[in-house]
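# Sharing a sequence plus its predicted fold:
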Amino acid sequence: MNSDLSTHDTGTASQARKPKLFVPFILILLCAVAVGFGIKYYKDRPKPTTEVAWEVYFSGVSTAPIDESHPYSLEKRLVARLADAAMRVDAALYHLDSTPIADALIEAHDRGVQVRVVTETDNVDEKEIERLQAAGILVADDDEHDGLMHHKFIVIDERYVWTGSYNTTYNGAYRNNNNVIFIDSVPLAYNFTQEFRELFLDARGKKSDGAFIAYPKITLADGMQVSTYFSPASDTISPLLEEINSAEKSIHFMAFSFTHDTLGNAMQDKFASGIDVRGVFEARQVDQHSEFEKLEAAGLRVIKDGNSGTMHHKVIVIDAETVITGSYNFSKNAEKRNDENLLIIKGNREIAAAYLAEFEKITR
């Protein structure tokens, strides 16, 4: 380089030196711009809404008068979560008749959050759904679908997943026994976002890509594992049977509808092998199709619930460690026809203890 410059006059050599000074300046400028964008990104990025990676909620149903002002009702918890939404809300809701939740979705939409809703065709004419549509929120229903769009999940900011047995209704929050798990996980949120996308495209008459779960099993920072299943596309019966058959000490279940013979037989077999199997059924769902009488006759400790509302849980807890929950009733319709979600959560005894405490509360 120096020998080349020496062949030019002073003016030429001076001009040749300018790029050497100019390049560092450009690099410094680019670094400053990158830092600026980074600061803006992290400043604008939605703040964590929980101090832990998960939270579990239950409806506060009891024999006492209903307290709608209770700050920890499922309805009020969801309204608070929606108030934190900064970018997007995708909600797959079987039923929405809660005015406060509809208000929260509309408020999110009005402040620039992208809000989309999929609902069950049978419920699309509900007043609160019509309010969402009037506000300009995109709403789709499952139209000609053979089964039910039975999901009760919400994805917030492509990061947080809210799911469980809770329908967004007055009864769901204040009269019925329901559960929700709220998980902070981008991969899990991606799974549910993709399921929502499939539902939304199908509902709007567009061709979807078919069933695909990008992250079938995720592991959170605390070691908790979450496996995701969506029926009817996913095989849900095999993992359920695998978990039931893996029980070494105990199985506790809370079932709104339990009519699946294969699952009932698996429960009965585990009981016969010496496993402590206990369950509570929603009383009004115990009929000729229910597994209740068969399990009771086999000696299992099963009871009908005593709630004047509805015992709406769909939960199995195995060995006080594994929790199975979601919108999925233990039925052939849930397996073969309905759009449902099922989570299998392993390696977190604190979550299992919360569900077992709910079981004890309902059965005492």
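Structure received. Since the model is a prediction, treat every value here as computed from it, not as a measurement. Numbers count the residues shown, from 1 in each chain.
# could you give the mean pLDDT of stretch 103-123?
Regarding stretch 103-123, the rounded mean pLDDT is 97.
# List the buried residues for it?
Neighbour counts over stretch 103-123 (16 or more other Cβ atoms under 10 Å) mark 104-109, 113, 115-120, 123 as buried. C-betas here are computed from N, CA, C, even on glycine.
# And residue 58, how close does it get to residue 360?
Note on residue 58: its distance to residue 360, by Cβ to Cβ, to the nearest Å, is 12 Å.
# So which of those two has more stuff around it?
It is residue 58, of residue 58 and residue 360, that has more neighbours when counted by other Cβ atoms under 10 Å, with 21 against 10.
# List phi and psi for that one.
phi -130, psi 150 (degrees, to the nearest 10).
# Please name the nearest non-neighbouring residue to the residue most central in space within the chain.
Nearest residue to the geometric centre of the chain (Cα atoms, centre = their mean): residue 163, 3.2 Å. Among residues not flanking residue 163 along the chain, residue 153 sits closest, at 4.0 Å (Cβ to Cβ, 6 or more residues apart in numbering).
# List of residues touching the helix or strand containing the one you found?
Per DSSP states H and E, residue 153 falls inside strand 152-156. Strand 152-156 is contacted from outside by 49, 78, 81-82, 84-85, 88-94, 161-168, 189, 192-193, 196, 327, 341, using Cβ atoms under 8 Å, 6 or more residues apart in numbering.
# Partner strands of that strand, with direction?
Paired strands of strand 152-156, with direction, are strand 88-93 (antiparallel), strand 160-164 (antiparallel) (DSSP bridges).
# For the next helix-or-strand element following the first one, which outside residues touch it?
The C-terminal neighbour of strand 88-93 among helices and strands, as given by DSSP H and E, is helix 99-110. Here helix 99-110 makes contact (Cβ under 8 Å, 6+ apart) with 75-76, 78-79, 82-83, 85, 89, 91, 96, 115, 117, 128, 131-132, 135-137, 168.
# now the angle between strand 88-93 and helix 99-110, please.
150 degrees (axes from the mean of the first three to the mean of the last three Cα atoms, to 10 degrees).
# C-alpha coordinates for helix 99-110, CSV please?
What follows is helix 99-110, C-alpha atoms only, in CSV (Å, rounded to 0.1, in the frame of the first residue of the first chain):
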residue,chain,number,x,y,z
THR,A,99,-68.9,-7.9,28.7
PRO,A,100,-65.7,-7.0,30.6
ILE,A,101,-63.7,-9.4,28.4
ALA,A,102,-65.3,-8.1,25.2
ASP,A,103,-64.6,-4.5,26.5
ALA,A,104,-60.9,-5.5,27.1
LEU,A,105,-60.6,-6.9,23.6
ILE,A,106,-62.1,-3.8,22.1
GLU,A,107,-59.9,-1.5,24.2
ALA,A,108,-56.8,-3.5,23.0
HIS,A,109,-58.0,-3.1,19.4
ASP,A,110,-58.5,0.7,19.9
